[in-house]
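Colleague: I would like to see how this sequence folds:
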Amino acid sequence: MTDGITLDGVKLRLGERDFRFDTRLAAGRITAVTGPSGSGKSTLLNLVAGFDQPDSGSIKILGEDVTARHPSERPVSLVFQDNNLFAHLDLFTNIGLGISPSLKLSKEDRLAISTALDRVGLSGFEKRKPGTLSGGERQRAAFARALVRKKPVLLMDEPFASLDPGLRRSMADLLVELHRETGNTVLIVTHDPEDVRVLADDAIFINAGEVRLHAPAESFLERHDIDGLDLFLAARHK
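Modeller: The predicted structure follows:
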């Protein structure tokens, strides 16, 4: 199975905290990134995205060393919790920036933006400003921006946290549908074991800045021998 993302001997110190990642994530699969708060889940995504630079080690995406590359030069799209929309720009422009920072958009690009908004349930919202939207609507707009970028790797940091249960399920279904269409590599940070069950092919459990378990989702959900993992899995029964 081809490596999609490889962190080889990566070490990073942030303040008083040390992170050590040495893992290989398969291409073309959805990997859930789990663990307690502060364990290093978002740091892992930031390293892959290029927002954090390792003190040592290397990062490869689809076989190419990207350790020294600027975030804009990496083949990734991002959907983070705070959605990163520009408040003074309408949704069409916000999403268009995902295709072209200069907003030089072709007819096909403009159609892709409208199609992406439609797929996330925001058809007709092109002229709306982020401040007029609910938190869930802003998060769906951020998802639409990731869709139009068409990058081979999608990084998602709790993208459904602000959505109500019904919309959360529909967005999860959309993610799976789009993954089947594109075959992209997805990393999704989650605190919900149900996301592992419904979405993921594989899952990793991070604790104290290291990957403690990396397994297929089905077997991951049955493990009880990893310190701290039981607390995460117990959320299924609440």
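Colleague: contacts, neighbours, all on C-alpha from now
Modeller: OK.
Colleague: Name the residues that touch stretch 96-108?
Modeller: Outside stretch 96-108, the residues that touch it by C-alpha atoms under 8 Å, 6 or more residues apart in numbering are 93, 109-110, 113, 145-146, 148-149.
Colleague: Geometric centre of the protein: which residue is closest?
Modeller: By C-alpha atoms, centre = their mean, the chain has its centre lying nearest to M156, at 1.5 Å.
Colleague: can you tell me which residues contact that residue?
Modeller: Per C-alpha under 8 Å, 6+ apart, neighbours of M156: 78-80, 186-189.
Colleague: The same query, at a cut-off of 10 Å, please.
Modeller: 32-33, 42, 45, 77-81, 143, 146, 186-190 (C-alpha atoms under 10 Å, 6 or more residues apart in numbering).
Colleague: Which strands and helices lie in contact with the host helix or strand of S77?
Modeller: If you go by DSSP states H and E, S77 is part of strand 76-79. When contacts are defined as 3 or more C-alpha pairs under 10 Å, 6 or more residues apart in numbering; DSSP states H and E, strand 76-79 packs onto helix 41-49, helix 135-149, strand 153-157, strand 185-189.
Colleague: helices or strands up against the longest one?
Modeller: So the one you mean is helix 135-149. On a contact count with 3+ C-alpha pairs under 10 Å, 6+ apart, helix 135-149 meets strand 76-79, helix 91-99, helix 107-119, strand 153-157, helix 165-182.
Colleague: Just tell me which of those ends up closest to R69.
Modeller: strand 76-79 (11.9 Å; C-alpha to C-alpha).
Colleague: Which strands border the closest one, and is each parallel or antiparallel?
Modeller: Strand 76-79 sits in its sheet next to strand 153-157 (parallel), going by DSSP bridges.
Colleague: Okay, domains of the chain per the record?
Modeller: Domain assignment for the chain by automatic domain parsing gives 1-75+152-225, 88-150.
Colleague: By mean pLDDT, show me the worst of those.
Modeller: When those are compared by mean pLDDT, domain 88-150 comes last with a mean of 87.
Colleague: distance between that domain and the chain's centre?
Modeller: Relative to its chain's centre, domain 88-150 lies at 18 Å (C-alpha atoms, centre = their mean, to the nearest Å).
Colleague: Now the terminal residues of that domain, how far apart.
Modeller: 25 Å (C-alpha to C-alpha, to the nearest Å).
Colleague: same thing with stretch 152-160?
Modeller: Terminal residues of stretch 152-160 lie 21 Å apart, using C-alpha to C-alpha.
Colleague: Which of the three states applies to G4?
Modeller: Using DSSP: H, G, I helix; E, B strand; the rest coil, the structure places G4 in strand.
Colleague: show me what contacts the residue nearest to it when sequence neighbours are not counted?
Modeller: Using C-alpha to C-alpha, 6 or more residues apart in numbering and skipping the chain neighbours, the partner closest in space to G4 is A27 (3.7 Å). Contacts for A27 were tallied using C-alpha under 10 Å, 6+ apart; they are 1-5, 61-62, 152-153, 183-186.
Colleague: do the same with D65
Modeller: With contact set as C-alpha under 10 Å, 6+ apart, D65 has these partners: 5-7, 58-59, 74.
Colleague: Look up how far T182 lies from it.
Modeller: D65 sits 23 Å away from T182, going by C-alpha to C-alpha.
Colleague: Ok, D157 next?
Modeller: From D157 to T182 the distance is 20 Å (C-alpha to C-alpha).
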